[in-house]
Each structure stands twice: as C-alpha cells, then as structure tokens.
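Colleague: quick one, what's the 3D model for this:
(3 chains)
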Amino acid sequence: MRHIIRRITDKAFTILTGTSVVLLTSVLLIILGPMVWRGAKAVIFKDTIEFRKMQLDLYNRGNSEALKIETSETESFRRTVYKIVDDFKHGIDTEELIDKSKQIYRQFGKELRYRGITGKQYQKIRSLARDLRGRLQAAFESNDKKIIKENIDYVLQYRKNKYFVDTTAAEFFTLAEDFYKTIENIDLNKRQEYTASLQQIEEVIFQLLGPRPDEPLPALTMERYGATRWDLAQKLLDNLLWSQQWIQQEAGQPLTKIRVSRAEQFAGTKLEPLFGYVENNLAKMLKPEYTFYWQYFIDDSTPGHYFGGVGPEILGTLLLTLLAMLFVFPLGVISAAYLVECASDNIAVRIIRMCINTLAGVPSIVFGLFGLAFFVLFFIPLFGGPSKPCILAASMTLAVLTLPVMIRASEEAIRSVPQTYKEASLGLGASRFRTFVKVTLPAALPGILTGVILSISRVAGETAPILFTGAVALGPLPKSLFDPTRTLSYGSYDIAVGDRLAMMVPHNQYGMVVTLVLLILSLNAIAIVLRARVFRRLRGE
Amino acid sequence: MQNLELKPAVDKYQPLVLTPLEDIRGFLFHHLGRFLLFLITFSSVLLMLLIFFFVIREAIPFLMKFNLTEFLTTKSWYPEASTPKFGALSLIVGSLYVTIAALVFAVPTGILAAIFLSDIVSLKIGDFIKPVIEILAAIPSVAYGFFAVLVLAPWMQNKLGFTTGTNALNASIILSIMALPTIISVAEDSISTIGRELREASYALGATRFETIFKVVIPAAHSGIIAAIVLGMMRAIGETMVVWMASGNANQIPSPWWDLSQSVRTMTATIAGDMGETPKDSLHYGALFAIGVVLLVMTFLLNIISEYFLASAKRKSGKS
Amino acid sequence: MQKGNDNMLIPSLETDTQEIESVVSLSQKNNVATKKKAPNCECAIVKSENFSFYYGSKAGVKDISMEIYPCSVTAIIGPSGCGKSTFLRSINRINDLIPHTHIDGKLFVNGHNVYDKNTNLVNLRQQVGMVFQKPNPFPKNIFDNVAYGPRLQGVKNRSSLQQVVESSLKAAALWDEVKDDLKKSALALSGGQQQRLCIARALATRPNIILMDEPCSALDPIATGKIEDLIDKLQNDYTIVIVTHNMQQAARVSKRTAFFCLGELIEYDSTVKIFRNPGKKQTEDYVTGRFG
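Modeller: Purely as a prediction, here's the structure:
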C-alpha cells in the first residue's frame, strides 16, 4: 500500500514539474502569438483605394494616373450611395428643410429688392413669402399627415402666382412637392428615430468613403480619407448594417446590448436599398488589394499614430542604443580586462565587484531619477549643455544601466580565451599589453560582441530610465543630441495607455510593440547563435 | 632564395639586462598603465556612489522639511493638495503586495521548472526549453505592460467580472512571468551543481525521485534556491512599466488583504507617473526622490542577502 | 587478483627495456654521426643553482642544480607531477603568469640570472623560444601566426616578413604542405601540422634555445615521427630542452637526459648512461618501468 502511494506521489510530482514547463511555454505563446499576429497586420494587410490616395498625398508614393482611373471607377458607385442618402434625408431631416426654406426666403428677399417695384408691392410680396415659409415650417415640424397636407396644399396654391414664377421662391414649391412625396411612404412618428439613425449612417459612410468630392477638405488629416484598410471597412460595414441598442428586457435587470438590423429599421423607406447596395458593392467602392507596407518601418506617423509608421521611433531607439554602447563599450571592456588580467583578489577589487553587483540590482526607475538629477540637471549643464531631457542624457543613463551586463559578458569572454594563447604570445617575446591587444582581445571579441548585443537588447527595451531623461511620445525628429527623441519603448507605453487616437487603430498599436519585441528577440537570437559558434570554435581547436 | 636557412641570430641579441632607461620606462608603463586601468574600472564604484549621492541629495530638502516617520508610516499621499500630505506607507505596501503575490505564483512554478530541467529531462530536451526561458527574459517590460493593459485587463473585466481590469492580480501575474526566468536559471544552476553522487546515494537507498529531490537535493541546494527567490523579488520590486500600466494606480491598501482584484499603487509607478508633472525643487519632487531612496535601500539590502546566499551556495558546491 | 596482475606486468616490462636499449644504441649511432658537424663548446648556456619554485607554500621543484649545454638536445623525464614542466617553464619565466608563486636560488641564461629584477623579459623570451604541450596556434591565418614574432621585433617590411615566414616554415618542414594557402586559418591544420607551425613560429623569432614541453603528447605516431626528425635536424643550430614522459622519445632524440622525481633532480647524465647504466636506484626503477 505504502509502496503504491510512494509511486503515485512520484508520478504526480513528475507530471507537476512537466506541467510547470508546459505552463511556461503556453504563457509565452499566449503573450507573443496574438501580439505578433495583430502586429503583423500593420505591415501586411488588404489596403483600399483610400490608403493609396493617402500614400500619394502624404508620401508621394504610387502612380497618380492609375489612381485617377481607379477613383473614377469607384465614383459611380459612391455617387449612388450619396444619392440614396440624400433622397431619403430630404424628407427626414426637418432641421435641414427648415434651414433651406429660411435660406430661400432670405434669398428671395434680396432678389425682390432689386426688382424695381414699389415699396407697397414689396411689402405685400414679402409678407406672402413669409407666410409661405411659415406654412412650410409648420408642415415640416408636424407629425400629423393631415396638418402637413393642409399646409402643403396651402403653399402649393401659389404655385402659379406671377410674383413667384421664375424666381427663387419657386424652390418653395419643389420643396413642398418633394416633401409631399416623401411623407407618402414614411411613418412620421418614427421621424425622430430615423434622424438619429441617419446621423450615425452618414457618419459611418463618411468614415468609410471619406469626404464627398464636392465637400471642402477637412482640416484634420485623419478625416481626409475613408477606410484605408479592408478590415476596418468590414468593421464599418457592420456598423452600417447593424445598430447597437441597449434594451431593458426584464424589469429590474441591467440593460442588455442587442443588434438591430438597420435594413429592417428602415424597411419600406427610400433608404432601404442602401444597405444591400453598400454590402454588395463595397469592394467596388474601395477596391481592396493585398499590400506589403514595408515603409511602416521608415514612415513618420500622422496625426498621433493614426496613419503612417514607426520610423522616428526606430531611429530614436537606434540612436539611443548606439550612443549608449559608445559610452559603455570601452568602459566595460577595459574594466573586464583589468578584472581578468591585472586584478588580484584584494579589497579594492572586492569592492569593485560588489558595486558591479549592486549596480545590476538597482531598479531601472532609480536610474531614471539618477539620470535626471545627475546628467540632466548637473553633468550636461556643467559642460555648457542645456539642462533639459535629451538624447545625450538618456543614452548616458542607459549606459550606466547596462554597464554591469557589459562588464560581466566581457569578463566571461576574456576569461574563456585559453591560457595557452597567452603563453604562446608571451613565449614569443610579446609584452603583456601587446599580448592582450594582439591575441587575447581578438580571440575574446566574438564573446564580447555577444555581450554588446545582449546589452543593446536590454537598452532598447528599457523605458523607465528614459522617462525623465530624454523620451517623448510625440514631437519632431531630433536635430541634435540635445533634443529629446521618440523611442519604440516609450512609444509602446504611450500608444497602449496614453493615446486615444491610437485606440482606433489597433494594428498600429500592436505594430509598434511587435516591432520592439521582434527587434529585441532577433538581437538575442543573433547573440545566442554567435555565442554557440564561439564556444564551438574555442572548444574544437 | 639561397640564403633562406634560419640560424639563431646570436650576434644580434639584445642584452638580457634592462638598461636604466628601459627599466624606468617599463616601471612607469607597468604601474601607470595599471593605475589608469584601475581608475577606469573603479568608475563602477564611482557611479554607484554617484547614484546614492545624487538621489539622496535631491531627497534631502524634502526630508529636512518633512518628518521621516510620518513619511514611512502614514497612508495619505496628497502631494498636490493645499496642505500636501506625503504618507508613502500605502505605496510601500503596494510594492510589497504585488511583489509577494507575484512570488506566490512564480516561486512554485519556477522551482518545479528548475527541477524539471535539472532532474527530470535529458539535456537535449532541456535545450528546447531553455530558449523559451531566454525569450521570456528578453521580452521588454513595456511589452509585458502592453499585454497587461490591452489583453489581460479587458479579459479580466469581461470574463472574470472584476470591476477593473487593471488591478493587483493583473500586475502580479505579469510580474511573476517576468521574475520566472531569473528564478529558474539561478535555481537550476544551484540544483544541478549538487553532484550526481548525492542523488545516487539516495537512489541506492531505495528512495523515489520525488523523495530524493525533496529530502536530499533541495535541502542541499537551499542557499541557491533562496538566492533565486531573492533575485526574483528584486526583479519584481524594481519593475516599473508593468506595475504602472497594470496595477490601476489607486492609492490604497487592499482590504480585505487577500482581495487581489483591487487596484494598488507601487513606489516605482508613483515615481514614473508623478515626476512628469512635478516642478523641480518642489516638495513633491523631493518626495519622489525620497521614494527612490527607499527603493534603493531596499534593493541594496536584498542584493546583500542574495550575495550572501549565492556565496554560501558556491562555498558548498566547492566543498562537495 | 593483485598478484596475478603483477605477474602479468613483469614480462611486458622486460620487453620494454629491451626495446629501449635497442633504440638507445641506434640513436647513439646517429649522435656519433652528427657530433663532428656540431659546434661543440662545453660552457653551459642554461645553468641553475639551487633553484626552487614554489606554488604558494608547495614546492614545484626544489634545489635543482644542473647545466644545459648548447647545440644539443637535453631531455627531462620523470613521472607526471614531478616538476619537469615547472622547471622548463621557469627558464623563460612563463610561469610568472601563475599567481601566488615565488622562487629561490638562481637560474642563468647566457650567464644572466633571469630572476634578477632587472631582467628584460621581452628579450629573454625572444631568445628562449617555447613549444607547448598542446599545439596552440593563434586563431589567425598561417602567415600571421609565423609573422607574429618578427612583427613584435618591429619587422614591418612585407617582403622580409615573407622571407622569414618561408624560411621558418621550411626549417619546420611545413613549407611544402602549406605554401599554397598561407591565408588559411591555422586552426584548420591537423594536430601535427599545428605543432610544426608552432615550432616555425618559435623559430621565426630566431632564438638560440628552444624549450619543448611534451610537444608530441597530443599527436599521433606519424606526426610524432616528423617532429622528432625535425628536432634531430634543429639540434645542429639550436639548444633544445625537451620535456617528455615518453622514455623512448627521450632516448631517441636527446644527448643528455635529466631525471626528475617529486620536484627533485635525481640524476643528470648522458642519455646512454641514464638508460643503460643509471647511477641511482630510482632512475633504474623508472627507466625499466617499475614505477611511473
């Protein structure tokens, strides 16, 4: 019995340890898998004609002639959409109708003044026109068909009036006739509901197709183009076809969300064909195509991160890392050389080692504080530089942060150079210095390089130390080392929590962080391969 | 071509005795060079001192004006109020809270995984698993934070019904993932340095693998495992981006204490979040540096502890 | 079990001894043949007086007094850990690399005590070349390996470097094998070739003493044969001190042999005497294979 229990515990334990590793692997997959999948969509996706327009306008990419032809091909489909909406809107949007009637009245008044009629006549016609306007307004605002009919009929009896024929006021009658026709097939009581829904529909169509050709160009770049991506267009289409409503299904229960088909909502109206039309002809209006948008890695982003890529972020990250390496490489290698070649085990060396270990354990945010207090406020101003966060301060802070990594890696690399190399060189009459420079260092270089790459990957991913020393979320490209810069790491933070605009474009959100992760993982992969090769070489000789 | 035979260049040999000039030059080169190298190497010490000095220096004006005990023992943190209050207790507790919660997840998993790598599977399978750990270690913290905010938080809110997705649980889960690589690699090192002899002795007495590992291997490797836990703790307590993004940043001590679904605020997140909008030389600015000093002292102490255990682990493996 | 083993060993030992004797007589003939050609000055080129070398408090070698004569091969034999390598490596002070060591006594090279404070180590090591137990070419190409020494001495001229490299490789009997790809990595050569490259590298600095620390221990018999031929050829011009654990080798190549045991010099005499008629019991036990 006892034996069986022992065996079961043993088995269970083995399975448990295995589970922990499976857990670890699945965590990695859960974190990286969806992130990379979504991030890849920033580069490889189905673009639309709007995207190609945007590329041509902002970056001058693509063929403008071909685009013109494509645009004209989409035009007729788009026009149909606009026409359906406009026709329907005519009878629905009372505000607009009232505005229109007021406008006609004003215009007519102006015309009247230059007609050369007597003041008395002017007064009379004018008051008649005001009366017509008032009647129309009453008709537009009413929900009762009878009242509408009365008013419209009243207006229409002046149709043949000599004062109005061939003047602006004639538009009163077209307005009235149109409205007369419109109310035939709509439920007037639903007008309120229609108006709200129509507004949403127009908004969606605006997002889908961009501003109408005759409209003035919006000021914001992001509003100048419709759906630039096919997946975005699909989402908008869904918004167009279905409206979301919060409905209380049972008393006392919280509201629940349901989807209502807009085609049903607008059944029997002039708008009904719109939904089927857009659904069937969306591809013809947007002309989706697969694209490999490699310029994502070099493009600047406009506005926020709505369009464009992560070019400045990559540039900033590279700048910071390379500069940090420039500071830390000589310091790290010389320190390591001293620790391996010269140092005996005395108290000073022990203190140095302890400090290196402590330095490795200092939280990254404290490095940020140190960078602010020392480099930004003290060290750079000491040499006449500006006392503000800048690339120089940030890279120096990162250099301090990564110094322990660099020293340890170089020390290991220099230590792993076989003693026989040194003996051979010394035996040939080389001094220790020459031996180090000519033999030990070249042999240790691949190992040191591994350390450099690992440091780079550490530095590139760090965010906390550069928060106050030189990173910004938005801003122009740095002109000198005394300007702050955008970086991938800080950008990833900002795009995840700070940037409302970015929430609308998840592909750009994920694209940024995936660029960072892939950059770092590929650096690590290079380091691992390099290390394996070095070990094989030093072992296999 | 004819005169290619190599003979010792006896007539051209330099004397074996150093000339006085060479002697002086050699002496200078040797000692000065060594001293120069030492100075450069000493820069690590210098930097360490500078870090302590400058962080403390900025905190001093605050510590002069504000009572240290009040700073460490009261809970109200209202730095921008008309009568500002700087009680960092709930921040310190918040940091320790998520750290300890993270360790609760990470330590068992990490040690089990370390045992799996050292005792259960062959080296070949281990070579497939180690890259997983290396990748986990390499992923930058901001990417973990990104995952916490955009994936884990909505999931918690929608599927688990938490009032907020950014809470202590979220932060500590992510922190535990980040601490795992450190814990696994240090623990695995110390477990595998316990030699085969000890294990074989136990197996020879009829113990199962479970008994061998729990009664022999782990007791023998305990210093290394403790060092692993302490190093994992250091990683978690000093982490900024993840806790800033995922912990919810609510200045409170969770009550009841086991309710991980509440938001907390840590020291690191406070520094990161507040520093941007704090004018230099204000009391608030000094208070943030004072928090930095607290962090620095904590990690320094943890570092000494881990060094002690690592050294004792090394000593033991050296003996056996 | 124990006894049986002993019985098994004795006959094989006897054949071993016979083999050595035949080898000695053979090499003796060679020596006679070359003796006339060799410049024969009898003043010692390396001389140690009560020389001791300590690792910490433990003595590596103690109280060694011996003289090594120029233009001949001197072999140092002895069981492993007897200090023969330590002594060899003391001659050009390569042991300085090891921390916590100190010495006692005197060691003269060309009449100068190398452990004097004012020794020019660079010049010393230039004159005393060394070949190590394991072939240790630098991870560079063949040319750069051989040119390393001359370059240290300030030779920059490409054609004179080429000349030195060629003559060194020829002297090390490696030229014909590598002359077409001097740019090849030295690590791509075979073990025997690497060791001859190391000899060429040592020759390129034009030393007059060459120390060889078990140069054939990592090589196969054919490569060993080539190196031994090379040593035989080189002894016309160079003083060679060779440490070996292989007694046949010592008998084949050397003129004089020193026997070390437990850090002490037990016996030092001509090779013929050591192998045929050793003066000490310990030496006899070792050369006949009773211990070691």
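Colleague: tell me the pLDDT of residue B:128.
Modeller: With respect to pLDDT, residue B:128 scores 85.
Colleague: check which helix or strand it maps to.
Modeller: helix B:123-138 (DSSP states H and E).
Colleague: contacts for that helix next, please.
Modeller: A:21, A:24-25, A:27-28, A:32, A:457, A:461, A:520-521, A:524, A:528, B:113, B:116-117, B:121, B:177-178, B:180-182, B:184-185 (C-beta atoms under 8 Å, 6 or more residues apart in numbering or on different chains). Bear in mind the C-beta positions are built from the backbone N, C-alpha and C, glycine included.
Colleague: buried subset of those residues?
Modeller: A:21, A:24, A:27-28, A:32, A:457, A:461, A:520-521, A:524, A:528, B:113, B:116-117, B:121, B:177-178, B:180-182, B:184-185 (16 or more other C-beta atoms under 10 Å in any protein chain shown).
Colleague: so which of these are in strands?
Modeller: Among those, no member falls in strands (DSSP state E).
Colleague: of these, which belong to helices?
Modeller: A:21, A:24, A:27-28, A:32, A:457, A:461, A:520-521, A:524, A:528, B:113, B:177-178, B:180-182, B:184-185 (DSSP state H).
Colleague: what does the host helix or strand of residue A:234 contact?
Modeller: Secondary structure from DSSP H and E places residue A:234 in helix A:230-241. With C-beta under 8 Å, 6+ apart as the test, helix A:230-241 has contacts from A:41, A:45-48, A:200-201, A:204-205, A:207-208, A:226-227, A:261-263, A:275, A:278-279, A:282, A:286, A:288, A:507.
Colleague: chain center to that helix: distance?
Modeller: 18 Å (C-alpha atoms, centre = their mean, to the nearest Å).
Colleague: can you check stretch A:60-71 too?
Modeller: 25 Å.
Colleague: what does that stretch contact?
Modeller: A:49, A:52, A:53, A:55, A:56, A:287, A:295.
Colleague: tilt between whichever strand or helix holds the fourth one and helix A:230-241?
Modeller: Right, the one you point to is residue A:55. Residue A:55 belongs to helix A:49-59 when assigned by DSSP H and E. Taking axes from the mean of the first three to the mean of the last three C-alpha atoms, to 10 degrees, one finds that helix A:49-59 is oriented at 130 degrees with respect to helix A:230-241.
Colleague: what's helix A:49-59 packed up against?
Modeller: helix A:64-92, strand A:307-308 (3 or more C-beta pairs under 8 Å, 6 or more residues apart in numbering or on different chains; DSSP states H and E).
Colleague: show me what contacts the residue of the stretch 201-350 of chain A found nearest chain C?
Modeller: Nearest to chain C in the stretch 201-350 of chain A, going by C-beta to the nearest C-beta, is residue A:344, at a distance of 6.5 Å. By C-beta under 8 Å, 6+ apart, the contact list for residue A:344 reads residue C:99.
Colleague: which non-adjacent residue is nearest residue A:49?
Modeller: residue A:287 (4.6 Å; C-beta to C-beta, 6 or more residues apart in numbering or on different chains).
Colleague: which helix or strand in chain A has the lowest average pLDDT?
Modeller: Lowest by mean pLDDT, DSSP states H and E among the helices and strands of chain A is helix A:500-503, with a mean of 72.
Colleague: can you name every helix or strand that that helix contacts?
Modeller: Under the contact rule (3+ C-beta pairs under 8 Å, 6+ apart), helix A:500-503 is packed against helix A:506-540.
Colleague: one step back: could I get the buried residue list for the helix holding residue A:55?
Modeller: Buried residues in helix A:49-59 (16+ other C-beta under 10 Å): A:49, A:50, A:51, A:52, A:53, A:54, A:55, A:56, A:58.
Colleague: keeping just the C-alphas, turn it into PDB.
Modeller: Output in PDB follows, covering the C-alpha atoms of helix A:49-59 (Å, rounded to 0.1, in the frame of the first residue of the first chain):
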ATOM      1  CA  ILE A  49      -8.100  53.000 -52.600                       C
ATOM      2  CA  GLU A  50      -8.300  55.400 -49.700                       C
ATOM      3  CA  PHE A  51      -5.000  54.100 -48.500                       C
ATOM      4  CA  ARG A  52      -3.400  54.600 -51.900                       C
ATOM      5  CA  LYS A  53      -4.800  58.100 -52.000                       C
ATOM      6  CA  MET A  54      -3.300  58.800 -48.600                       C
ATOM      7  CA  GLN A  55       0.100  57.400 -49.700                       C
ATOM      8  CA  LEU A  56       0.100  59.500 -52.700                       C
ATOM      9  CA  ASP A  57      -0.900  62.700 -50.900                       C
ATOM     10  CA  LEU A  58       1.300  62.300 -47.800                       C
ATOM     11  CA  TYR A  59       4.300  60.500 -49.100                       C
END
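Colleague: from chain A, how far out is residue B:237?
Modeller: 7 Å (C-beta to the nearest C-beta, to the nearest Å).
Colleague: so the residue nearest to that residue when sequence neighbours are not counted is in which element?
Modeller: Leaving aside its sequence neighbours, residue B:237 sits nearest to residue B:99 (C-beta to C-beta, 6+ apart; 4.7 Å). Taking DSSP H and E as the criterion, residue B:99 maps to helix B:89-115.
Colleague: quick check: angle from that helix to helix B:123-138?
Modeller: Using the same axes, to 10 degrees: helix B:89-115 against helix B:123-138 is 160 degrees.
Colleague: please point out which parts of the helix holding residue A:234 sit buried.
Modeller: A:230, A:232, A:233, A:236, A:237, A:239, A:240, A:241.
Colleague: redo these as TSV? Include pLDDT and distance to residue A:399.
Modeller: Shown next, in TSV, are the buried residues of helix A:230-241 (pLDDT from 0 to 100; distance: C-beta to C-beta, whole Å):
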residue	pLDDT	distance to residue A:399
A:230	88	45
A:232	86	42
A:233	87	47
A:236	86	48
A:237	87	51
A:239	84	50
A:240	83	54
A:241	85	56
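Colleague: list just the nearest of those to residue C:194.
Modeller: If you rank the buried residues of helix A:230-241 by distance to residue C:194 using C-beta to C-beta, residue A:230 comes first, at 63.6 Å.
Colleague: how far does the helix holding residue A:55 sit from its chain's centre?
Modeller: With C-alpha atoms, centre = their mean, you get 17 Å for helix A:49-59.
Colleague: pLDDT averaged over that helix - what is it?
Modeller: Rounded mean pLDDT across helix A:49-59 is 85.
Colleague: mind checking the SS state of the residue nearest to residue B:286 when sequence neighbours are not counted?
Modeller: Leaving aside its chain neighbours, residue B:286 sits nearest to residue B:62 (2.6 Å; criterion: C-beta to C-beta, 6+ apart). Following DSSP: H, G, I helix; E, B strand; the rest coil, we place residue B:62 in the helix state.
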